[in-house]
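Peer 1: 3D, please:
(chains A and B)
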Amino acid sequence: MKSRGLEHIVRRSPTLTEFFLTVAGLSTFSLAFFRSVFVPPYEFGEIKKHMDELGFKTLPIVTVTGFIIGLVLAMQSQPVLVRFGAESFLPAMVSLSVVRELGPVLTAIIFAGRVSSGIGAELGSMRVTEQIDAMEVSAVNPFKFLVVTRILACTLILPILTAYVIFLALIGGYLAMLLFQDMNFQYYINSVFRALEFTDYVPGIAKTFFFGFIVGAVGSYKGYTASNGTVGVGKASTSSVVASSLLILLVDMVLVKVTLWLWA
Amino acid sequence: MAMGIIEIKDVSKSFDDFVVLDQVSLDIVEGDNLVIFGRSGTGKSVLLKCIVGLMQPDEGDIIIEGKNILSLSEYELNELRKEIGFLFQGSALYDSMSVKENLEFPLIRNFKFTQQERDEKIINALRKVSLEDAINKMPAELSGGMKKRIGLARTIITEPRIILYDEPTTGLDPITTKEISQLIVDLQKDLKVTAVVVTHDLICAKIVADHAVVLRDGKIRFQGNLNELSSSEDKFLKNFFSTDFVEVNNGNNYG
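Peer 2: Next comes the predicted model:
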């Protein structure tokens, strides 16, 4: 009875059906990635090309974002900490927030918006104009050439971008502090690194590998399976951003729990 | 006696409840230029995609050079595909690559040529389609006819034994249509390829076809040469061909 009720709900809700279909399709797609990734040819040139493109494409926006995150976080937190007489903890608070959570997640969300949609649109366009079929007919595995290289590039470039954003956020935080008090840069840096431990750096950066994989996999999946001409390409592009952003937040929730369980 | 290089045996293909191909059987002889006619949606392109393994038929067998493509491994299918060229309806040029990179793509990945050998092959292929000057252009800078020619150059650069053409002249003006069609004939003579051409275009068919097949409702309605087709008393075939044949016969020297 219960299962019939669930079936009824799923059948009556196209959005829910689509969600489950996406999850199933994405799982199969990810499995295909892991089956292909260790099989030659490795296409290192393509991976490097995509890393360059994706990194450069995202660099301006993450530069601005990284700087503003640190600046705003310090400006917002300072009055609260003053109220509790804990102003000296401001560098520690900024660094912990940025390294553990804000840096990785916000960089990933921005990366998803910029890159996942681009991959979805590019591969979707290649699908509907038969370029992917042409590649297959040329005896080249399009999944390996187009998808595996993009997913790997995203997985490898996002941690680098995140480290860059964290660095800029810490600079932004220092500049905000200069607005309130005269603080020596050496003292600020010392306070930042005193507050941070191994268990803060590693999970913060490690989870960006997962986020990068999500961005590449979702964008590629949506684009690679696009249909219905230009409408399908548009849908692939927008749904890539929505699905990858949502998945990043969900996976972050799980990874935070796992991290706490491992290092608590 | 010429042997059947492509044998299609009782192939059926449906999309949901819509039957596109229904027990289609066809033997294509080596060195032949076969034209497949039919109204839109009758499964002509689907048949081509089944031949090259882009689609799987629901039933039946497709045997190319003695190998049943439905039972080949991915590696074996790719090896066979090196013998087959496919010209797509929209040319399907890789739009992120220049003309040179488009032509170089299959050579780099499937063959062990030196850069000099690759460059020679690219120039030769472009010379065959009279577009040597377009070597550094991007696909977006090319006209529809030029895209078809570059697509053709990319198809022949690997010197395939079989070439499948999916509506090679659709959307082109009559003069370019004749040029592309003549190019297909010339290539067949030069390279001794077997060609399967899907088209609605009777100008192209008149120039290219050794034999013709007409598909209707998923079945082969006619098989023979163009003269037999044009003189057929079948009402469908008459309706399909009559007006165009008058225009073609009155207007060109290719008959």
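
Peer 1: Next, the contact list for residue 187, please.
Peer 2: Went with chain A since none was named. By Cβ atoms under 8 Å, 6 or more residues apart in numbering or on different chains, the contact list for A:Y187 is empty. Bear in mind the C-beta positions are built from the backbone N, C-alpha and C, glycine included.

Peer 1: wait, I meant chain B there
Peer 2: Here B:L187 is in contact with B:128, B:152, B:156, B:163, B:193 (Cβ under 8 Å, 6+ apart).

Peer 1: so it, which of the three states?
Peer 2: Here B:L187 takes the helix state, with states given by DSSP: H, G, I helix; E, B strand; the rest coil.

Peer 1: which stretches of the stretch 151-255 of chain B form strands?
Peer 2: B:162-166, B:194-198, B:211-216, B:219-224 (DSSP state E, counting those that start in this stretch).

Peer 1: B:F113 is in contact with B:K121, correct?
Peer 2: Yes: with contact defined as Cβ atoms under 8 Å, B:K121 counts as touching B:F113 (7.0 Å).

Peer 1: burial count for B:E101?
Peer 2: The local packing of B:E101 (other Cβ atoms under 10 Å in any protein chain shown) involves 16 other residues.

Peer 1: Let me know how buried the closest residue to it other than its chain neighbours is, in neighbour terms.
Peer 2: Spatially, and ignoring its direct neighbours in sequence, B:E101 is nearest to B:Y94 (7.4 Å; Cβ to Cβ, 6 or more residues apart in numbering or on different chains). Around B:Y94 there are 18 other residues, counting by other Cβ under 10 Å.

Peer 1: Ok, A:I160 next?
Peer 2: Using other Cβ under 10 Å: A:I160 sits among 14 other residues.

Peer 1: Would you check how far apart the closest residue to it other than its chain neighbours and A:I157 are?
Peer 2: Counting by Cβ to Cβ, 6+ apart, A:G55 is the residue found nearest to A:I160 once chain neighbours are left out, at 7.1 Å. Going from A:G55 to A:I157 by Cβ to Cβ, to the nearest Å gives 5 Å.

Peer 1: Tell me which of the contacts of B:L187 fall in helices.
Peer 2: For those, the ones inside helices are B:128, B:152, B:156, with DSSP state H as the criterion.

Peer 1: re the thing from before, so for A:G55 and A:I157, which sits in the more crowded spot?
Peer 2: Neighbour count, other Cβ under 10 Å: between A:G55 and A:I157, A:I157 has more, with 25 against 19.

Peer 1: May I ask which helix or strand encompasses that one?
Peer 2: Mapping A:I157 onto the secondary structure by DSSP states H and E places it in helix A:149-180.

Peer 1: residues contacting residue 144?
Peer 2: In the absence of a named chain, chain A is used. A:K144 sits in contact with A:36, A:39, A:41, A:43, where contact means Cβ under 8 Å, 6+ apart.

Peer 1: my bad, the chain I had in mind was chain B
Peer 2: Counting by Cβ under 8 Å, 6+ apart, B:G144 makes contact with B:171-172, B:176.

Peer 1: cool, and B:A209?
Peer 2: So B:A209 contacts B:33-35, B:197, B:225-226 (Cβ under 8 Å, 6+ apart).

Peer 1: out of everything not next to it in sequence, what's closest to it?
Peer 2: B:V35 (4.0 Å).

Peer 1: quick one, helices of the chain?
Peer 2: As the question left the chain open, I've gone with chain A. Under DSSP H, chain A gives helices at A:2-12, A:14-37, A:44-83, A:90-97, A:103-111, A:117-128, A:131-137, A:142, A:149-180, A:185-195, A:198-224, A:229-263.

Peer 1: that's the wrong chain, I wanted chain B
Peer 2: B:44-51, B:74-81, B:99-110, B:115-128, B:144-156, B:174-191, B:202-208, B:226-230, B:235-251.

Peer 1: any weak-confidence spans in chain A?
Peer 2: A:1-4, A:6, A:9-14, A:264 (pLDDT under 70).

Peer 1: typed the wrong thing, it's chain B
Peer 2: B:1-3, B:241-255.

Peer 1: Can you name the residues of it that neighbour chain A?
Peer 2: Residues of chain B lying close to chain A by Cβ under 8 Å from any Cβ of the partner chain are B:49, B:52, B:54, B:74, B:78-79, B:81-82, B:84, B:86, B:88-90, B:92-96, B:105-106, B:109-110, B:158.

Peer 1: quick one, what contacts B:Y165?
Peer 2: Neighbours of B:Y165 in contact, by Cβ under 8 Å, 6+ apart: B:87, B:184, B:195-199.

Peer 1: Farthest pair within those?
Peer 2: B:I184 and B:V198 (12.2 Å; Cβ to Cβ).

Peer 1: The two - which one has more neighbours?
Peer 2: In this view B:I184 and B:V198 are compared by other Cβ under 10 Å, and B:V198 has more residues nearby, 25 against 21.

Peer 1: any idea how far the more buried one is from A:N190?
Peer 2: Counting by Cβ to Cβ, the gap from B:V198 to A:N190 is 73 Å.

Peer 1: what's the answer for B:V213, then?
Peer 2: 82 Å.

Peer 1: try A:F145
Peer 2: On the measure of Cβ to Cβ, A:F145 and A:N190 end up 49 Å apart.

Peer 1: Comparing the two, which residue is more hemmed in?
Peer 2: A:F145 (18 against 12).

Peer 1: re earlier: now flag whichever of the contacts of B:L187 is closest to A:L73.
Peer 2: B:L152 (59.3 Å).

Peer 1: residues near the closest one, how many?
Peer 2: 24.

Peer 1: residues touching it, list them.
Peer 2: By Cβ under 8 Å, 6+ apart, B:L152 lies in contact with B:87, B:129, B:168, B:180, B:183-184, B:187.

Peer 1: run the last query once more with 10 Å
Peer 2: B:85, B:87, B:91, B:125, B:128-129, B:131, B:163, B:165, B:168, B:180, B:183-184, B:187 (Cβ atoms under 10 Å, 6 or more residues apart in numbering or on different chains).

Peer 1: Make JSON lines from those and add distance to A:I171 to it.
Peer 2: Output for these, formatted as JSON lines (distance: Cβ to Cβ, whole Å):
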{"residue": "B:G85", "distance to A:I171": "57"}
{"residue": "B:L87", "distance to A:I171": "56"}
{"residue": "B:S91", "distance to A:I171": "50"}
{"residue": "B:A125", "distance to A:I171": "54"}
{"residue": "B:K128", "distance to A:I171": "59"}
{"residue": "B:V129", "distance to A:I171": "57"}
{"residue": "B:L131", "distance to A:I171": "54"}
{"residue": "B:I163", "distance to A:I171": "60"}
{"residue": "B:Y165", "distance to A:I171": "60"}
{"residue": "B:P168", "distance to A:I171": "59"}
{"residue": "B:I180", "distance to A:I171": "61"}
{"residue": "B:L183", "distance to A:I171": "62"}
{"residue": "B:I184", "distance to A:I171": "64"}
{"residue": "B:L187", "distance to A:I171": "63"}
